[in-house]
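Engineer: Model the following, please.
(4 chains)
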Protein chains: 2
Amino acid sequence: MSVNETENSRWRRRKESRPGEIIEAALELFVANGFSATRLDEVAKLAGVSKGTVYLYFDSKEDLFRAVVQQIIIPEIEKAEQKAAQFQGSQRDLLMMLMMTWWNIIGKTRLAGIPKLMISEAANFPELAEFYLEKVVSRARNIIKKGIAVGIQTGEFKPSDPVITTRLLMAPMLFAVIWEKSLAPYDQEKYDLDDYLELHLSTFFEGISTNNV
Amino acid sequence: MSVNETENSRWRRRKESRPGEIIEAALELFVANGFSATRLDEVAKLAGVSKGTVYLYFDSKEDLFRAVVQQIIIPEIEKAEQKAAQFQGSQRDLLMMLMMTWWNIIGKTRLAGIPKLMISEAANFPELAEFYLEKVVSRARNIIKKGIAVGIQTGEFKPSDPVITTRLLMAPMLFAVIWEKSLAPYDQEKYDLDDYLELHLSTFFEGISTNNV
DNA sequence: TATTACTAACTGACTAGTCAGTTAGTAATA
DNA sequence: TATTACTAACTGACTAGTCAGTTAGTAATA
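Structural biologist: The predicted structure is shown next:
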């Protein structure tokens, strides 16, 4: 029985809180099992409702996923945009701060399941891919790209293509997260993720920085 | 009608060539659509046989996938092992050669679909994950790890954990390939993969190399 | 050399199971 | 009492794997 059904009556009408509870249940199962493998019956059960109720609030499974991203991921992007806009300091420090924030909020939490899910299921769900790219990826990318571009302008970083440099900064972090959610559980060879992250960031910034600090 | 059925009879017995033709058809569809989304009916159709014939030569869909990896990927690993063993030159040049080989044979061919598939489907097919890690990943990793370890020993590279350094060398390449096979088709922001690769390799080796060349 | 008996490669229809989405009816609430 | 949030049983489309039956090819025999 769900936590929310404390009365002994069979059910209660809770129009305001149902959508949020369904989104929370969906998030939990989507990040754990992916999009396809998540059963709407299971989402409903975890949210303490029937599958019919899910369809009362969301048009489709894809619509439910979009709502999850909207509620859970987009607010984090907005926070990051604000942090970046207000930041005082070198572009290296700004980018380090953004990477650590991403790592703490997404990389090492259950939210890491979202990038993993998108990579895995994009080919089978093109509309989700487009949605995610527009609302999440391009926005996140722009924050970083700006830091790189400003750093190049001010002479803090060597000249390079900011598009490619942004991707090279993110790639090892995204790959690590995706690996953890896919093959890592079966991998005999273990390694320390924090050491990995540290070595990546230090060599990356060493590689792109000029020496006139 | 399949290329192989030139007679007007309904079918011919071709015990020797069927398995290879089924493997080729399976490879084609697995790399294009992934493991789950590939229908055995489609594989059979592409190979010019019925689904029953697929089961005559392979025990299951997973068994067919293992046969694909065995036939297509393992020989490439063996070649790389030989190339590395015979190599004369700096460890940097060895690793560059291995990375370019990987890029030319896997990264920019249809075989790029295999790492993408494994990342996407590992969670749902643990036995495939274990097989792939043991037969492919760990073997490929060892070739690179050895180059890094030797380079550290000889003073060509700075001291570091070879396990982590190996992963940092591969991660941006694997991520790029996985991105191409997932979200890239829907991504507005384009970039040049060769430029990406070049910037990665040059900054990576700059980052890990000592200056006493 | 022609016929026939036999083997095994191959087919295609079928089964059992899965799951997103639908809907008729019920019970909570205003 | 009227409205509507919610349930639970249902549908229909999909697919891995099975298996009874068919046919190509071959070897033995007339």
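
Engineer: before we move on, which element is A:V54 in?
Structural biologist: Taking DSSP states H and E as the criterion, A:V54 maps to helix A:51-57.

Engineer: how distant is stretch A:192-206 from the center of its chain?
Structural biologist: 20 Å (CA atoms, centre = their mean, to the nearest Å).

Engineer: mind saving the C-alpha coords of that stretch as CSV?
Structural biologist: Listed next in CSV are the C-alpha coordinates belonging to stretch A:192-206 (Å, rounded to 0.1, in the frame of the first residue of the first chain):
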residue,chain,number,x,y,z
ASP,A,192,37.8,5.5,-8.2
LEU,A,193,35.4,8.0,-9.9
ASP,A,194,36.7,11.0,-7.9
ASP,A,195,40.3,10.3,-8.9
TYR,A,196,39.1,10.0,-12.5
LEU,A,197,37.2,13.3,-12.4
GLU,A,198,40.2,15.0,-10.7
LEU,A,199,42.7,13.8,-13.3
HIS,A,200,40.4,14.7,-16.2
LEU,A,201,39.8,18.3,-14.9
SER,A,202,43.4,18.9,-14.1
THR,A,203,44.8,17.6,-17.4
PHE,A,204,42.0,19.3,-19.4
PHE,A,205,42.6,22.8,-17.9
GLU,A,206,46.4,22.3,-18.1
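
Engineer: So which bits of it are buried?
Structural biologist: Buried residues in stretch A:192-206, defined by neighbour count with 16 or more other CB atoms under 10 Å in any protein chain shown: A:L193, A:Y196, A:L197, A:L199, A:H200, A:L201, A:T203, A:F204, A:F205. Quick note: C-beta positions are derived from backbone N, CA and C, even for glycine.

Engineer: near chain B, from these?
Structural biologist: A:Y196, A:L199, A:H200, A:T203, A:F204 (CB under 8 Å from any CB of the partner chain).

Engineer: and of those, the nearest to A:M96?
Structural biologist: Nearest to A:M96 among those, counting by CB to CB, is A:F204 at 10.0 Å.

Engineer: State the distance from the closest residue to the closest one other than its chain neighbours to A:Q70.
Structural biologist: Spatial nearest neighbour of A:F204, excluding adjacent residues (CB to CB, 6 or more residues apart in numbering or on different chains): A:L169 at 6.0 Å. Counting by CB to CB, to the nearest Å, the separation of A:L169 from A:Q70 is 26 Å.

Engineer: Among the two, which residue is more densely surrounded?
Structural biologist: A:L169 (22 against 14; other CB atoms under 10 Å in any protein chain shown).

Engineer: Could you verify that the more buried one is part of a helix?
Structural biologist: Yes. Looking at A:L169 with DSSP: H, G, I helix; E, B strand; the rest coil, it is inside a helix.

Engineer: I'd guessed it sits against A:L95; true?
Structural biologist: Yes. A:L169 sits in contact with A:L95 when judged by CB atoms under 8 Å, with a separation of 6.9 Å.

Engineer: Alright, I will stop here.
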